[in-house]
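A.B. asks: Dropping a prediction and its sequence here:
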Amino acid sequence: MLDPLLLLVGVGLVSIVCQLLAYRVKLPAILPLLLAGIILGPAVGLINPDKLLGELLFPIISLSVAIILFEGALTLKLDDISGHGKIVRRLCTTGALITWLVVAPTAHFALGISWELAFLFGAIVTVTGPTVVKPMLRSVRPTANVSRILQWEGIIIDPIGALLAVLVFEFIVSSQQEAFLHTAQAFGLTIAAGLIFGSVGGHLLAHTLRKNWVPHYLRNPYVLTVMLGFFAASDELAHESGLLTVTIMGMWLANKKDVDIDDILEFKETLSVLLISALFILLAARLDLNALLQVGTGVLIVLGVIIFIARPLGIFSSAIGSDLSLKEKLLLSWIAPRGIVAAAVSALFALKLEELGYHQASILVPMVFLVIITTVILQSFTAGFFAKYLGLRTQKPNGILIFGAGGFSRRFAKELMVQDIPVRLADTNWASISESRMENIPVYYGNPTSDHAERNIDLTTFGRVLVISPYRQLNPVVTYHFENELGKGAVFGLDFNDQEGPKSHKVSKSYAAKLGLFGDSASYAKLNSLVAQGAQIKTTNISENFTHENYLERYEKGAIPLCAIDENNKVYIYTQENTFTPKAGWKIMSLVAKEVLEELKSQKEADNTATPEKH
C-alpha cells in the first residue's frame, strides 16, 4: 500500500475533482464521488480504507454522519411542514411510511436478509435530499407546482427519513437483549437519552448564541464541537442514542425564531467539501461487489419495487384530495433520486451491525449505493423526456433575478412585475431590502451565491441574472456563480471600469467581457442618479403604426432601453452587443429622463389645445 499521507492527500484531491466535475456537468456531486470510490477501491484496489485508517475509520464515519444529520435537521422548520401544503406533509409522513412498509418485505424476500435488516434498508431509502433533487430540477424544468413539491420534499424528508432509520437501528440494537422487557427498556433508554440530550444541547446552543456569549468568529467551531460533545456523551450513556441527539439538537435550533443560524448553515458547504466529499470516496472504496453478485436477480426486484411501486403508491396516496392532475402525479412518481444521507447512514449502520454479529449487514451498503446510482442516473437522463411527453416541461425560465436592490432596481422590478415577468431582488444591504419589501417586491436578503440562498431561491423560475449593484468585489463572484448555474449568456452586469476607484477594484478582462448591460453608457451611478432626478421607467408598445424607428425618433438620446418583451412575454435584455430588433406586438421598457418626459407632456398638451372641440 502507498504511503498513508499520500493516499489521504490523494483522496482529498480526487474529491475536489469530483466536485468540480459535478459542478460543470450539472449532476449531483454524490454520483462522481461514489464512482471514484468504486474505481479506486474494489475495482483497482488502490485504496483500502480499513487498512488506511484502522481503528479510526469507525469514529470518523460516526462523527461525519452526526454532522450530516445535524446540518440536515437545521433545515427542518416546523413552519415549513405546515406552510407548504398537504401534499408535502403527507409525502414526508404517509408517503415515507408507505415506502418503508413496501420496500422492507420486498428486501426480506428478494434478498433473503433478516426482517431487521430489511426494515432498516426500507427506512434508509425513504430519503431523497435537496443535493440530488435540485440539479435534476434545473435540467428537467418541470412546472412550478411539481418543482415546488419535489424541492420541499427533499429538504424536509432528509432528517425525517434519517430519524426513522435511527429509530429502527436503535430498536435492532436493543433487541440483542435476551428478553422482550430488556429490549423495551434498552430502546426506551435510547430514545429518552436522545430526546433529553438533544433538547438540553439545543437549548444550550440557542441560549448562548442568542445572548452573544460566543464571539462571531467562534460561532461555527463552537456549535460544531458542542454538538459533537453531546453526541459522544449521549452515546456513552445510552448506546447509539447520539444520532437521535444531534437530530433533535438541529431541529431545536432550526425552530428558534430568535436565533440566527444562517452562517452556521453556510458552514455546512465547507464541511461537505473538506470532509464529507472525501468520506464518500472512502465509503465507496469499501464496497463488496461480490455480495451484490451473490444476490442475483433479487437486486433487480428490489430496485423495480422502489422505483415503480413504492414511489407511485406514496405519491398517489399522499395526493388524495389534492388538486394535482394525473400527469403531475405520474411525474412526481418518477423523480425520487436518493442522496447523501442514505449513503452515509447505511455505511455507519452496516459497520455497527457487523460488529454486533449481523453478517448479512455487508449487503446493506452495496444495495443502498446501487439504489442511489440507479435512481440518479436513470432519472437524470429520462425525467426531462418524460416531463416533455406529459406536457409538464416548461420553457426556459423567463424570470429575472437582480443582484442589487437600489432605487433603479426597485423601479425596474416593479415595472417587470406589471408586465407579469417573475422577478426577485437580492442584496446584502438591509436598508435596500426593507425598501423593496415595503414596495411588495420579492427579495432575498444576503449573498445570493451562499448555500442558504441555494436553499431559498428557486432558480427554476429565473433564466436571467442582472448584476446591478455597487459591490465591485462581489459582482464578479455573483456573475461567475450564476453563469455556471444557468449557462453562458444568462448573466449580465453593468460596466463600471470607467469609474474612478482604486486600481485593485478594476475588473479583469475576462469579467469585463461579460459586462455592458443596458449599453456602454449605463452605469450604476448614472442609472440611480437619473432615478433620483425624476427619471421614470416606461413601457412602450410597438405596432404597425408606431414602429421601432418611431420609438428611436421619439426618444433619441433621452432614454436608456432596458429590455424588450415579445408577444409571447419572452424577455430580451438590452446589452452593448444586443442583436434583436423589436417588431410589431413587442414592448420596449426604457428609463426615460425627466426632461424628455416633461417635453413629451408639453407636446401632448399642445396637441390637445390645437385640436378644436367638437360640438
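C.D. replies: Thanks, I have it. Numbers count the residues shown, from 1 in each chain.
A.B. asks: Quick one: classify C563 as helix, strand or coil.
C.D. replies: State at C563, reduced to three classes by DSSP: H, G, I helix; E, B strand; the rest coil: strand.
A.B. asks: again with A107
C.D. replies: A107 is classified as helix under three-state DSSP.
A.B. asks: Identify the residue nearest it in space, chain neighbours excluded?
C.D. replies: Distances taken as CB to CB, 6 or more residues apart in numbering place A118 nearest to A107, at 4.2 Å, with adjacent residues excluded. Using the backbone N, CA and C atoms, a C-beta is placed for each residue, glycine as well.
A.B. asks: Secondary structure element holding the one you found?
C.D. replies: Following DSSP states H and E, the helix or strand that holds A118 is helix 115-124.
A.B. asks: Surely K570 touches N398?
C.D. replies: Yes. Using CB atoms under 8 Å, K570 is in contact with N398, at 6.2 Å.
A.B. asks: Now do the strands in this protein.
C.D. replies: Per DSSP state E, the chain carries strands over the ranges 399-403, 423-427, 443-445, 462-467, 491-493, 536-541, 559-565, 571-573, 587-592.
A.B. asks: which one of these lies closest to M227?
C.D. replies: Judged by CB to CB, the one of these that comes nearest to M227 is strand 443-445, at 26.3 Å.
A.B. asks: Okay, the spatially closest residue to V596 that is not a sequence neighbour and Q603: tell me how far apart.
C.D. replies: Spatial nearest neighbour of V596, chain neighbours left out: G558 (3.5 Å); criterion: CB to CB, 6+ apart. G558 is 13 Å from Q603, where distance means CB to CB, to the nearest Å.
A.B. asks: between these two, who's got more neighbours?
C.D. replies: Taking neighbours as other CB atoms under 10 Å, G558 and Q603 compare with G558 leading, 17 against 11.
A.B. asks: That one contacts E598, doesn't it?
C.D. replies: No. Under the criterion of CB under 8 Å, G558 lies out of contact with E598, with a separation of 10.5 Å.
A.B. asks: Contacts only, for E354.
C.D. replies: Residues near E354 by CB atoms under 8 Å, 6 or more residues apart in numbering: A361, S362.
A.B. asks: can you tell me how far it sits from G298?
C.D. replies: Plainly put, E354 is 20 Å away from G298 if you go by CB to CB.
A.B. asks: surely the residue nearest to A107 meets G112?
C.D. replies: No. A118 lies out of contact with G112 (CB under 8 Å); the separation is 9.7 Å.
A.B. asks: give me the low-pLDDT residue ranges for the stretch 201-350 of the chain?
C.D. replies: Along the stretch 201-350 of the chain, the model assigns pLDDT under 70 to residues 239-240, 262-263, 265-273, 292, 295.
A.B. asks: quick one: the helices in it?
C.D. replies: For the stretch 201-350 of the chain, applying DSSP state H, counting those that start in this stretch gives helices covering 219-237, 242-254, 262-271, 277-285, 289-295, 298-305, 311-318, 326-334, 340-355.
A.B. asks: CSV for those, including distance to G519?
C.D. replies: Formatted as CSV, the helices of the stretch 201-350 of the chain follow (distance: least, CB to CB, whole Å):
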stretch, distance to G519
helix 219-237, 43
helix 242-254, 46
helix 262-271, 36
helix 277-285, 43
helix 289-295, 59
helix 298-305, 55
helix 311-318, 49
helix 326-334, 42
helix 340-355, 45
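A.B. asks: sorry, back to before: what about the residue nearest to A107, how many neighbours?
C.D. replies: When neighbours are counted by other CB under 10 Å, A118 registers 22.
A.B. asks: mean confidence score for the helix holding A118?
C.D. replies: Helix 115-124 shows a mean pLDDT of 90 in the predicted model.
A.B. asks: Distance check, the residue nearest to V596 against Q151.
C.D. replies: For G558 relative to Q151 (CB to CB), the value is 45 Å.
A.B. asks: ok, now G516?
C.D. replies: 34 Å.
A.B. asks: before we move on, what about R338?
C.D. replies: Distance from R338 to Q151, by CB to CB: 16 Å.
A.B. asks: Can you report how many residues lie near L293?
C.D. replies: 10.
A.B. asks: Could you pull up the contacting residues of the closest residue to E454 other than its chain neighbours?
C.D. replies: Among residues not flanking E454 along the chain, K134 sits closest, at 7.3 Å (CB to CB, 6+ apart). Residues near K134 by CB under 8 Å, 6+ apart: Q151, G154, E454.
A.B. asks: isn't the first one right up against I457?
C.D. replies: No. In terms of CB under 8 Å, Q151 does not count as a neighbour of I457; the distance is 10.9 Å.
A.B. asks: that older thread, now for the helices of the stretch 201-350 of the chain, which one comes closest to A564?
C.D. replies: If you check each of those against A564 by CB to CB, helix 326-334 wins as the nearest, at 33.2 Å.
A.B. asks: Dump the closest one to CSV, restricted to CA.
C.D. replies: Extracted C-alpha coordinates of helix 326-334, given in CSV (Å, rounded to 0.1, in the frame of the first residue of the first chain):
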residue,chain,number,x,y,z
LEU,A,326,-52.8,12.7,-13.1
LYS,A,327,-49.9,13.8,-15.2
GLU,A,328,-48.4,15.7,-12.2
LYS,A,329,-48.7,12.6,-10.1
LEU,A,330,-47.0,10.5,-12.7
LEU,A,331,-44.1,12.9,-13.0
LEU,A,332,-43.8,13.2,-9.2
SER,A,333,-43.8,9.4,-9.1
TRP,A,334,-40.8,9.2,-11.4
